[in-house]
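In: this is the structure alone, sequence omitted:
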């Protein structure tokens, strides 16, 4: 039995639920089908399947899973209120948003960002069913504007993992097969400013697997990662470190060598005895759990209770740590993280000189 099974990619068997509670496969809800007046054929049916595959690839698995849960929750809420989710009713959706914001019964009030996400999920689900949800309708727009005005709070940001933190974290890992893998994950994720989904989606070479999210190339001076990221394709250059113990490129090469990986996913599961790798790609949740575990083991923020320390750090702590620690021009950090704007990059910089550019003095005051 594979001890990393809980970290491996699970099958996505969730279905969208309609008003009557029956389950509908994604094939029926993705809106891709032959026109009614066109007779089916083997060739056309195969093209429909191909188009459905492309339609599913328009959003990540995690996003699709979240949207399916959003629809199931809304459909259940409608049934409890004696209403139907189809066709869309702006009035009912406005009431639904108000209920989410105020909380009812044992259900706590949701944050503004979660409510916004739920609304996006409903809009997506309606589109797949051939309907259009007008988010500008006054029954939706005014309620949402009121919720944001009354309940909006500054976003709670995860703690950044700084350079001294990541060094302490990797020092807690052994030099067995599992330790080599996890060391490469942490150092590569930190130096690359990678999302956890980007880390586990890497293949050794281009087009090794259908679900690949990118591939790696190792050169004398560093490693080049080509990523099919959230914002599109981008290249991430990761230079070699000053010493082997903390060099992400060295850690990656060590892992690939001892794991005997030269094809397919870069980061895979390991058997229970810790002696062999499996062919199963790691789940991105493994990265989050690894970060939390090594934060505790390294004693980072030890002045706080363990539960609070665990909530402070997540996969995004790696990206925030690089943005906060890299003493280079902000433009290079922005490009490295794949941000469309400098403002987004600044959100990740937990530690920076906010008044380095003083426009007051520059204006002559």
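Out: That came through fine. Just so it is clear, the structure is predicted and the values come from calculations on it, not from any experiment. Numbers count the residues shown, from 1 in each chain.

In: next SSE downstream of the one helix or strand residue 250 maps to?
Out: Here residue 250 sits within helix 248-258, counting by DSSP states H and E. For helix 248-258, the succeeding helix or strand toward the C-terminus, using DSSP H and E, is strand 268-270.

In: how far does that following strand sit from the chain's center?
Out: 20 Å (C-alpha atoms, centre = their mean, to the nearest Å).

In: re earlier: what's the helix holding residue 250 packed up against?
Out: helix 177-192, strand 214-218, strand 222-229, strand 232-239 (3 or more C-beta pairs under 8 Å, 6 or more residues apart in numbering; DSSP states H and E). Heads up, the C-betas are built off the backbone N, CA and C, glycines and all.

In: buried residues in it, which are they?
Out: 248-252, 254-256 (16 or more other C-beta atoms under 10 Å).

In: give me the mean pLDDT for it.
Out: Per-residue pLDDT values over helix 248-258 give a mean of 97.

In: the inter-axis angle of it versus strand 214-218?
Out: 100 degrees (axes from the mean of the first three to the mean of the last three C-alpha atoms, to 10 degrees).

In: mind checking how far helix 248-258 is from the chain centre?
Out: For helix 248-258 - counting by C-alpha atoms, centre = their mean - the centre lies 24 Å from the chain centre.

In: residues in contact with that helix: which ones?
Out: 170, 177, 180-181, 183-184, 187-188, 190-192, 204, 216, 218, 222-223, 238-241, 244, 261-262, 266 (C-beta atoms under 8 Å, 6 or more residues apart in numbering).

In: ok, how many other residues are close to residue 136?
Out: By other C-beta atoms under 10 Å, 7 other residues sit near residue 136.

In: so it sits in a helix?
Out: No - counting by DSSP: H, G, I helix; E, B strand; the rest coil, residue 136 falls outside a helix, being coil.

In: against residue 269, how distant is it?
Out: 47 Å (C-beta to C-beta, to the nearest Å).

In: for this protein, which residues score under the pLDDT cut-off?
Out: Scanning the chain for pLDDT under 70 picks out 1-31, 154-156, 230-231, 324-361, 365.

In: domain-wise, how is it divided?
Out: Per automatic domain parsing, the structural domains of the chain span 13-151, 163-348.

In: need the winner for burial among those.
Out: Neighbour counts (mean count of other C-beta atoms under 10 Å) averaged over each of the domains of the chain peak at domain 163-348, with a mean of 18.

In: what about that one, distance to the chain center?
Out: That offset, for domain 163-348, works out to 14 Å (C-alpha atoms, centre = their mean).

In: look up how far residue 243 lies from residue 108.
Out: Noted for residue 108: a distance of 48 Å to residue 243, by C-beta to C-beta.

In: ah, wrong one, I meant residue 67
Out: For residue 67 relative to residue 243 (C-beta to C-beta), the value is 45 Å.

In: one more: residue 116?
Out: 45 Å.

In: and the longest helix for this protein?
Out: helix 61-80 (DSSP state H).

In: what's the helix or strand for residue 114?
Out: Going by DSSP H and E, residue 114 is in helix 112-128.

In: give me the contacts around that helix.
Out: Taking C-beta under 8 Å, 6+ apart as the rule, helix 112-128 contacts 16, 29-31, 59, 66-67, 69-71, 73-74, 88, 93, 97, 100-101, 110, 132-133, 135, 140, 144, 147-148, 151-153, 155.

In: so which of the residues you listed are in helices?
Out: Using DSSP H, those in helices are 29, 66-67, 69-71, 73-74, 93, 97, 100-101, 140, 144, 147-148, 151.

In: can you tell me the element the residue most central in space within the chain falls in?
Out: Central residue of the chain (C-alpha atoms, centre = their mean): residue 197, 5.4 Å from the mean position. Assessed by DSSP H and E, residue 197 sits inside helix 196-200.

In: helices or strands next to that helix in the packing?
Out: By 3+ C-beta pairs under 8 Å, 6+ apart, helix 196-200 packs against helix 177-192, helix 285-297.

In: so what touches that helix?
Out: Contacts for helix 196-200 (C-beta under 8 Å, 6+ apart): 60, 62, 185, 188-189, 192, 213-214, 227, 229, 265, 267, 281-288, 315, 318.

In: got a list of contacts for the helix or strand that that helix is followed by?
Out: Tracing the chain past helix 196-200, the next element assigned as helix or strand by DSSP H and E is strand 202-203. Counting contacts by C-beta under 8 Å, 6+ apart, the residues outside strand 202-203 that touch it are 209, 212-216, 225, 227, 264-267.

In: export these to JSON lines and tack on distance to residue 294?
Out: Formatted as JSON lines, these follow (distance: C-beta to C-beta, whole Å):
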{"residue": "209", "distance to residue 294": "28"}
{"residue": "212", "distance to residue 294": "27"}
{"residue": "213", "distance to residue 294": "24"}
{"residue": "214", "distance to residue 294": "24"}
{"residue": "215", "distance to residue 294": "26"}
{"residue": "216", "distance to residue 294": "23"}
{"residue": "225", "distance to residue 294": "22"}
{"residue": "227", "distance to residue 294": "24"}
{"residue": "264", "distance to residue 294": "26"}
{"residue": "265", "distance to residue 294": "22"}
{"residue": "266", "distance to residue 294": "19"}
{"residue": "267", "distance to residue 294": "16"}
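
In: how close does residue 141 get to residue 84?
Out: 22 Å.

In: my bad, residue 181
Out: 50 Å.

In: repeat for residue 58
Out: Taking C-beta to C-beta, one finds residue 58 at 27 Å from residue 84.

In: before we move on, what about residue 107?
Out: 21 Å.

In: what does residue 225 give?
Out: 48 Å.

In: assign residue 52 to helix, strand or coil.
Out: Under three-state DSSP, residue 52 comes out as helix.
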